[in-house]
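Peer 1: here you go, sequence then predicted model.
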Amino acid sequence: MDKLGSKTIIGAGASFNGKIINARVIEINGKMNADLTADKVTIGEVGHFDGAIRADLVVVSGHYEGKMQAGSVWATATASISGKLHYETLQMDRGAALNCHVVHNWKAKNTAAAPSENDDADLLMQATLDKAKNVAVPTSPEEGA
Amino acid sequence: MSAKPYEEMTSLHEDSTYILGDLIMEGSLDGGDHPVVIDGQFKGDVTAIDFIIREQGRVTGTVKAKTVVINGQFNGNLICESLNVTATGIVDGEVQANALSIDLGAEVIGSISRVNAKSK
């Protein structure tokens, strides 16, 4: 039993609605409709996740929909992701289906952002996008030229 | 009737649901056909066939299950066919069970009654 350590598993056939915070390692093989903060998240092949994820590492083999903010994302061949994906490093296997808004380096530091920092990340992202389009952006000090 | 041996209920099962570690979970959980094992903090409703609260587990809310083993803490309403509160178990609330065993050392506070006749 203790082989499991502190890994939380949502079994196949199980379903959960709600909020999970402070999870270390979590594996999802069931249906989740949740708001999740964790270190490492695995969505198994039969897993379905709907909702926000904030994690250092996310491995997706199943279905994900929502806003994900992760340090590293690995979408395996059976993955299907829709929604918004904020990442620092992304690996995608042949066959993975990404149908989402993808943003790289949404935040320079601290991969597992607190929820209250979402707006900052969005602003930063918008500024970067505007700059990329050569649109004149009203200069602000934190843009760093 | 007797409850399944604890070891059998908690033996590693690939499809079981395990809530382990320091995490805090809030919401409603349906374990499907497989056991649900809780060793973290859970607030909300649980529906399952076999439901186990391990020593570090703390559950607040409503639980509906067939067999329940409590080694940890439970607060709230519990409806089940058979309940075992082990020596480390703490139960506070309203319990409805048809088969009940409370080990020496367990703390049980609240009301205990049978499940309504229709299920028997």
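Peer 2: The structure has been received and is ready for your questions.

Peer 1: low pLDDT regions in the chain?
Peer 2: You didn't pick a chain, so chain A it is. For chain A, the stretches flagged by pLDDT under 70 are A:1-5, A:106-145.

Peer 1: correction: the question concerned chain B.
Peer 2: Those would be B:1-13, B:117-120, if you go by pLDDT under 70 across chain B.

Peer 1: so what's the residue count around the residue in it that chain A sits nearest to?
Peer 2: Nearest residue of chain B to chain A: residue B:27, at 1.4 Å (C-beta to the nearest C-beta). Backbone N, C-alpha and C define where each C-beta goes, glycine included. Residue B:27 sits with 19 neighbouring residues when counted by other C-beta atoms under 10 Å in any protein chain shown.

Peer 1: next, count neighbours for the nearest residue to residue B:58 once chain neighbours are set aside.
Peer 2: With C-beta to C-beta, 6 or more residues apart in numbering or on different chains as the criterion, residue B:58 has its nearest non-adjacent residue at 4.5 Å, and that residue is residue B:73. The tally of other residues near residue B:73 (other C-beta under 10 Å) stands at 19.

Peer 1: can you give me how far the host helix or strand of residue B:40 is from the chain middle?
Peer 2: Using DSSP states H and E, residue B:40 sits within strand B:36-53. With C-alpha atoms, centre = their mean, to the nearest Å as the basis, strand B:36-53 stands 6 Å off its chain's centre.

Peer 1: before we move on, what about stretch B:88-104?
Peer 2: The answer for stretch B:88-104 is 9 Å, by C-alpha atoms, centre = their mean.

Peer 1: is stretch A:10-18 anywhere near chain B?
Peer 2: Yes - looking at stretch A:10-18 against chain B by C-beta under 8 Å from any C-beta of the partner chain, the contacts come from A:10, A:11, A:12, A:13, A:14, A:15, A:16, A:17, A:18.
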